[in-house]
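> Sequence plus predicted model, see below.
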Amino acid sequence: MYPATDGLLVADMKEPSRLAISVVAPCFNEQEVLPEFLRRVGAVLDAAGGTSEVVLVDDGSRDGTWEIMTAAAAADPRVVAVRLMRNHGHQLALTAGLSICRGERILIIDADLQDPPELLPDMMALMDGEDGDEVGGKGGADVVYGQRRRRDGESLFKRVTAAAFYRLIDRLTDVEIPPDAGDFRLVSRKVLDMLLAMPERHRFIRGMVAWIGGRQVPLFYDRHARVAGESKYPLKKMIRFAADAITAFSVVPLMASMTIGWIMALVGFGFFVYSIVGWLLHENLPGWTSIMAAMGLLGGMQFLMLGIIGAYLGRLYDQNKGRPLFMIRDIVGGQK
Ligand code: UDP
Ligand code: MG
């Protein structure tokens, strides 16, 4: 059975036979790079040997991307072309590809070749645990994520905003989301199934993978410039992406409103008491007491109630994400 997601599922899917490796790439108007991407990924998979597939997800492209994908699928049985009904954005296109891929290990990569597919063997080795000493432990990694050492061909603006974004995320969230790492990573089937069991609609995939835990190790690399075409992440989409990331992984903004609510409530009640005391001492101008007392009391009550609603909203939000409560890594022992 295919893992349940609340996204697309194609009818009459059969039990998938597993492959050794899946490469999953979302593509949005990538006709310029796609042939080169397929050539380089194909070479990497040839060298790796074993069974493999390349799942390309056309995220509602308006250029020749789909035609290139179907031609590639016809020419090479490893290529699986998937087309979404419309543009859903990088994270959902990627989720669609992940939900149908069949690999025991899954390489998540952008189609624009900013992240070199040639790193696959190194990632595989870290997952095999051959470099066990280097990653400081026994056994292989569950996730090997690419961490950028350098970013070529990206504007100063992009680099500055990206750096600010990763710092902000780090400050606001409890989950340790590695800085300067995109979605470029190799994940095990176990981790992928856990990821697909998280039903939230606003998906910040690199954060969700970090949240899962297990052994996650970095592989440092230099990020290259796009081979062709241009970035599909204009400022507007970047801001939306950052907002999704922060709200999905942090209730700090909500907590701030609760704290301010409590403080303002205290101030309001203080005013109420102050005006009543002034009235008792006959120091107030006529009319002032009733206005100030009512304002302080009402304002204080409102802020207090907002704070309380905020507390419930935060819990409701968390519950509503519907994530599994825990994820078991291994179970040893017990009777057969
Ligand atoms: N992408 C997508 N849907 C979108 C935007 C982008 O599937 O709405 C894909 C795109 O084809 C590429 C990857 O997501 O494979 C990353 O996008 P891009 O390279 O434009 O982002 P950047 O690297 O500039 O952050
Ligand atoms: Mg890119």
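Perfect, I can see it now. Since this is a predicted model, take the numbers as computed values, not measurements. Ligands and ions are numbered 1, 2, ... in the order given.
> Which positions in the biggest helix by length in the chain come out as buried?
Across the chain, the longest stretch assigned as helix under DSSP state H is helix 288-321. With burial defined by 16 or more other CB atoms under 10 Å, the residues of helix 288-321 counted as buried are 289, 292-293, 296-297, 299-300, 303-304, 306-307, 310, 313. Every residue, glycine included, has its C-beta placed from N, CA and C.
> Adding pLDDT, write those out as a markdown table.
A markdown table is the format used below for those (pLDDT from 0 to 100):
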| residue | pLDDT |
| --- | --- |
| Thr289 | 85 |
| Met292 | 84 |
| Ala293 | 85 |
| Gly296 | 86 |
| Leu297 | 87 |
| Gly299 | 86 |
| Gly300 | 86 |
| Phe303 | 86 |
| Leu304 | 88 |
| Leu306 | 87 |
| Gly307 | 87 |
| Gly310 | 87 |
| Leu313 | 90 |
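> and the stretch 51-200 of the chain, which residues reach ligand 1?
In this structure, the stretch 51-200 of the chain approaches ligand 1 at residues Asp59, Asn87, Gly89, His90, Ala93, Asp110, Ala111, Asp112, Gln114, judged by CB under 6 Å from any ligand atom.
> Tell me the most packed of the residues you listed, by neighbour count.
Going through those with other CB atoms under 10 Å as the criterion, the one with the most neighbours is Ala111, at 27 neighbours.
> out of everything not next to it in sequence, what's closest to Gln91?
Residue nearest to Gln91 in three dimensions, not counting chain neighbours: Arg203, with 4.6 Å by CB to CB, 6 or more residues apart in numbering.
> For that neighbour, grab phi and psi.
The phi and psi values for Arg203, taken as degrees, to the nearest 10, are phi -100, psi 120.
> So it versus ligand 1, what's the distance?
Distance from Arg203 to ligand 1, counting by CB to the nearest ligand atom, to the nearest Å: 13 Å.
> Report the contact partners of that residue.
By CB atoms under 8 Å, 6 or more residues apart in numbering, the contact set of Arg203 is Gln91, Leu92, Thr95, Asp244, Ala248.
> Any idea what Val23 is bridged to?
When assigned by DSSP bridges, Val23 has beta-bridge partners Val54, Leu107.
> Return the residues of the stretch 1-150 of the chain in contact with ligand 2.
Residues of the stretch 1-150 of the chain lying near ligand 2 by CB under 5 Å from the ion: Asp110, Asp112, Gln114.
> would you list these in TSV and tack on pLDDT, distance to Leu195 and secondary structure?
What follows is these, written out as TSV (pLDDT from 0 to 100; distance: CB to CB, whole Å; DSSP: H, G, I helix; E, B strand; the rest coil):
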residue	pLDDT	distance to Leu195	secondary structure
Asp110	96	18	coil
Asp112	93	23	coil
Gln114	93	22	coil
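> Which helix or strand contains Met208?
Met208 belongs to helix 205-212 when assigned by DSSP states H and E.
> ok so, going back, can the contacts of Arg203 go into a markdown table with extra columns for secondary structure and distance to Met264?
As requested, the contacts of Arg203 are exported to a markdown table (DSSP: H, G, I helix; E, B strand; the rest coil; distance: CB to CB, whole Å):
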| residue | secondary structure | distance to Met264 |
| --- | --- | --- |
| Gln91 | helix | 37 |
| Leu92 | helix | 39 |
| Thr95 | helix | 41 |
| Asp244 | helix | 29 |
| Ala248 | helix | 28 |
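> Might one say that Gln216 is in contact with Asp142?
Yes. Taking CB atoms under 8 Å as the definition, Gln216 is a contact partner of Asp142 at 6.5 Å.
> Return the set of buried residues in the helix or strand that the helix holding Met208 is followed by.
Toward the C-terminal end, the helix or strand that comes next after helix 205-212 (DSSP H and E) is strand 216-223. Judged by neighbour count (16+ other CB under 10 Å), strand 216-223 contains these buried residues: Gln216, Val217, Pro218, Leu219, Tyr221, Arg223.
> Point out the least confident one among the residues you listed.
In terms of pLDDT, Arg223 ranks lowest among the buried residues of strand 216-223, with 87.
> who's in contact with the residue of the chain most remote from its centre?
When distances are taken from the C-alpha mean of the chain, His282 lies farthest, 62.0 Å away, according to CA atoms, centre = their mean. Taking CB under 8 Å, 6+ apart, we find His282 in contact with no residue.
> Ramachandran coordinates for it?
The phi and psi torsions at His282 (degrees, to the nearest 10) take the values phi 60, psi 30.
> And it, how far from Gly314?
46 Å (CB to CB, to the nearest Å).
> Can you tell me the element Gly146 falls in?
Secondary structure from DSSP H and E places Gly146 in strand 143-151.
> Now do that strand: distance to the chain's middle.
Distance, stretch centre to chain centre, for strand 143-151: 15 Å (CA atoms, centre = their mean, to the nearest Å).
> Same question for stretch 203-215.
Centre to centre, stretch against its chain (CA atoms, centre = their mean), the figure for stretch 203-215 is 7 Å.
> ditto for stretch 321-328
Between the mean C-alpha position of stretch 321-328 and that of its chain there is a distance of 16 Å (CA atoms, centre = their mean).
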